[in-house]
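> Got a predicted structure plus its sequence, pasted below:
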There are 2 protein chains.
Amino acid sequence: MDEFELIRRFFDRAPPSGLELGIGDDAALLRAGRNAAGEAESLVVTTDMLIAGRHFVSAVEPESLGHKALAVNLSDLAAMGARPEAFTLALALPEVNEDWLEVFARGMFALADRHGCELAGGDTTRGPLTISITALGRVPSGSALRRDHAEPGDDLWVSGALGAAAWATRERLAGRDATLSAAARRRLDWPEPRIGLGLALRHLARAAIDLSDGLAGDLGHICERSRVGAQLNWAEIPVAGELAALPESERIELALAGGDDYELLFSAVPENRSALTALGTRGSVALTRIGAIVPGTGVTVLDGRGRTVSVARAGFNHFA
Amino acid sequence: MDEFELIRRFFDRAPPSGLELGIGDDAALLRAGRNAAGEAESLVVTTDMLIAGRHFVSAVEPESLGHKALAVNLSDLAAMGARPEAFTLALALPEVNEDWLEVFARGMFALADRHGCELAGGDTTRGPLTISITALGRVPSGSALRRDHAEPGDDLWVSGALGAAAWATRERLAGRDATLSAAARRRLDWPEPRIGLGLALRHLARAAIDLSDGLAGDLGHICERSRVGAQLNWAEIPVAGELAALPESERIELALAGGDDYELLFSAVPENRSALTALGTRGSVALTRIGAIVPGTGVTVLDGRGRTVSVARAGFNHFA
C-alpha cells in the first residue's frame, strides 16, 4: 500500500461540508471570508513532514534543510495558485544544538521573507530529527488551481527542467556527493517554490500539481482526480542538463519517475498557448508543452515514433 | 535551556506585520476577513507534535492516542476562545498497520466530529511514531483570549480539577497502569478540550491559557506575557480526588506542577464573579477562583496561613 492509498482509506471520508476542498489535492481550501476590498477569498492549507534518514540525509547542511522544509510546503501553495501568508513549524530535535538551530532558522526565514510568509506558531520537542510544517496561503474564491479540473483536449505544460534532483540524490547515496556540481546540489537542496508562476497561472491554467513524487506519478494524480488520461511526448520533456551523459533508460527514469523537482505541472486550454509561451519567455522559469490530456485513464509516454515508453517506477513511494 | 527559550531565541523575531498575534501565545492570530454576516474575524492557528516514548508510551491504545493528539490542539483553540474549524495531520509510522490506523482514525474523528472540525490535509511517511497536528479555528476580531491581557486586580480562575493526569502518568511509568481507576485513565488519555467554556469566556475572561505544562508553569507564561505577578491560594485549588490519599507535598507537586490537565486557567475582573460562578454551576465543567493577578513578576503560592508554598518543579519541560 502506498501513502496515497493510506491517506484515502483511513482519513478521506464523505465530502466535508465546511471545506471548499478536502484531502486529495496539493492543499485544502477553506472559506476565508471577504478581504478589505470585499473580495471573497479561500484559505489554502497544506502540511508536509520531513524525517532525517528518509527525506534527507542527516549530514545535509541545516541552512538548506530549513529552506527545503518550508519550500516543499510553499510549492504546494504555488500549485494551488495561492499567495503564501503564514506557516507553523513543529520540530523534533535529538539535542539542543544552538549552532544548528541558528543556521536552520536562517535558511527557513530567508525563504519565508522572500515570500512574505510569517512563522505563526511552533512546537519543539526532543526526538528523532523531524520537521513538520503547515503552510497557509490565500487565493481569490474560485481561482485556485486544482488537480481535478483537467479536461480532454487540454495541453500539458511543465516548468523548468526535470530529473536533476533525483540524479543528485542517487549520486549522494552512492557516496559521490563531493563530485556534484553546484547546480545539481542546488536543485536538490534548494528547490525554488514556483510561487510567482502559480499566481500567474490562476487565469491561464486549468489543473495543476507540483512535482514532488515524479512527473509520471504526479500526472497520474491529476488524471485520477480529473477522471481523464494523459499522453506525454518523451522528446518534448525538458530533461535537466546534468542527465545529458546518461543512457536514455536512466534519463527516462530520472526525468519521469524521479522526485523532488518541485516544478509545476499544469493543464491549459490550447487557446492559452501563446500567453503561456510569453510567460515562459519573460518569466523566471521556462515553460514547456509536453503533452495533452486525453479521454480515458492513466498516463502514456510516447517516444518520437509514437511508441510507448516504459517507466520503471511510478514515483517516489514513502512506504515502498 | 527549555523549549520555550528555544522557540523564542531562534524563531521569535520582530513583531510580524501580517499577523495579528505571532509566537508566544496558545495560538497565533491571522486576519481572516469578514464573514457572511459582515463581521471581522481572526483565524486562530496552533500546532503540536506528539512523539512515542516522549509524550505517550507506545502501548497506549491508538483510539485514545487519536483523540488526545487532536485534543491537545483543540485545547489551544479553546484557550483562545476560538471555534474549531479544520486541522491537518502529519503522521510518521514505523509500519503500515491497518488495524492501528483504523482505531487511531476513529478516536481522532470522534472528537473532530463533536466539534465540527474537519481534516483538511495530511502527510504520512515511514518513521518513528510521530503525530503532528495543526488546528485552525475562528474568533471574532478582538475577542480572542490572549496570555498578555491579564492585569493586576484580576481574579484567577481554573476549570475542572488538577493533578489526576500527572498522577496517572506517574503510576503508569511505575508499572501500576492496571490499578488505575477508569476516571484517572480518562483524565490522562481522553482529555476533553474546553471548547464550550472558551466560547463562553470570550466576554467574561481577560487572559487565558490551557494547562498543558502544569498550573504554576502555565500561569508563569501569563505573568511573563502580561508583565504581572500572580498569587495562588493553595487551599482553593481544586485538587483531583485521585490525589486525596497522597501526602500534601505530593498533592502540591502534582496539582501545581503536573502537566496534561488541559483545563483552562484564566483571569477575569472581579465584576464577573457572579457570572462566572453561574457559568461554572450550569456549565459542563466546574470553575474555581484560585487567586489573583498582582503587580510585579512571578507566581507565588500561599497556604492557608499566608505562608509561601514551595513548588518543586516549574512545569513539564520537553528538554529537561
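Alright, I've got the coordinates. Residues are numbered from 1 along each chain as shown, chains lettered A, B, ... in the order given.
> How about the residues of the stretch 51-200 of chain A by chain B?
Counting by CB under 8 Å from any CB of the partner chain, the positions of the stretch 51-200 of chain A adjacent to chain B are A:51, A:54-55, A:85-86, A:88-92, A:96, A:98, A:101-102, A:104-105, A:109, A:116, A:118-128, A:130, A:132, A:134, A:136. To be clear about C-beta, it is placed using only N, CA and C from the backbone, and glycine gets the same treatment.
> Can you tell me which of the residues you listed end up in strands?
Of the positions in these, A:51, A:85-86, A:88-92, A:118-126, A:130, A:132, A:134, A:136 sit in strands, assigned by DSSP state E.
> List the contacts of the residue minimising distance to the centre of chain A.
Central residue check for chain A by CA atoms, centre = their mean: the C-alpha nearest the mean position is that of A:D210, 2.9 Å away. When contacts are counted by CB atoms under 8 Å, 6 or more residues apart in numbering or on different chains, A:D210 touches A:26, A:75-76, A:78-79, A:193-194, A:218, A:262-265.
> By neighbour count, which of those wins?
Neighbour counts for the contacts of A:D210 (other CB atoms under 10 Å in any protein chain shown) peak at A:A79, which has 35 neighbours.
> Assign A:S42 to helix, strand or coil.
Under DSSP: H, G, I helix; E, B strand; the rest coil, A:S42 falls in the strand class.
> which residues touch the nearest residue to it once chain neighbours are set aside?
Sequence neighbours aside, A:L29 is the residue nearest to A:S42 in space, at 4.5 Å (criterion: CB to CB, 6 or more residues apart in numbering or on different chains). Taking CB under 8 Å, 6+ apart, we find A:L29 in contact with A:19-21, A:42-45, A:80, A:139, A:144.
> now swap in A:T134 and tell me
A:T134 is in contact with A:45-47, A:73, A:87-88, B:47, B:88, B:90, B:121, B:134, counting by CB under 8 Å, 6+ apart.
> Now that you've got the ones in strands among the residues of the stretch 51-200 of chain A next to chain B, can you turn the buried subset into something I can paste into PyMOL?
If you want just the buried ones from those in PyMOL, going by 16 or more other CB atoms under 10 Å in any protein chain shown, the selection is:
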select buried, chain A and resi 51+85+86+88+89+90+91+92+118+119+120+121+122+123+124+125+126+130+132+134+136
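> Would you map the strands across the stretch 201-320 of chain A?
Along the stretch 201-320 of chain A, counting by DSSP state E, counting those that start in this stretch, strands occupy A:208-210, A:229-233, A:264-268, A:287-294, A:298-302.
> Distance from the last one to the middle of the chain?
By that I understand strand A:298-302. 20 Å (CA atoms, centre = their mean, to the nearest Å).
> quick one: contacts of it?
Against strand A:298-302 from outside (CB under 8 Å, 6+ apart): A:216, A:219-220, A:223, A:229-234, A:252, A:256, A:308-309, A:311.
> for those, which one is nearest chain B?
The closest of the contacts of strand A:298-302 to chain B turns out to be A:G220 (CB to the nearest CB; 17.9 Å).
> Tell me the pLDDT of that closest one.
If you check A:G220, the pLDDT there is 93.
> what's the answer for A:E242, then?
Listed pLDDT for A:E242 reads 91.
> Also A:D261?
Looking at A:D261, the pLDDT reads 94.
> Tell me the spacing between it and chain B.
18 Å (CB to the nearest CB, to the nearest Å).
> Run a quick neighbour tally on the closest residue to that residue other than its chain neighbours.
Distances taken as CB to CB, 6+ apart place A:L211 nearest to A:D261, at 4.3 Å, with adjacent residues excluded. Neighbours of A:L211 under the rule other CB under 10 Å: 28.
> Grab the nearest non-local neighbour of the residue in the stretch 151-300 of chain A that chain B sits nearest to.
Going by CB to the nearest CB, chain B is nearest to A:S212 of the stretch 151-300 of chain A, at 10.5 Å. Distances taken as CB to CB, 6+ apart place A:G259 nearest to A:S212, at 5.8 Å, with adjacent residues excluded.
> Counting neighbours, what do you get for the one you found?
Neighbour tally, A:G259, other CB under 10 Å: 21.
> ok, which stretches of the stretch 201-320 of chain A are helices?
Using DSSP state H, counting those that start in this stretch, the helices assigned to the stretch 201-320 of chain A run over residues A:215-226, A:248-257, A:273-282.
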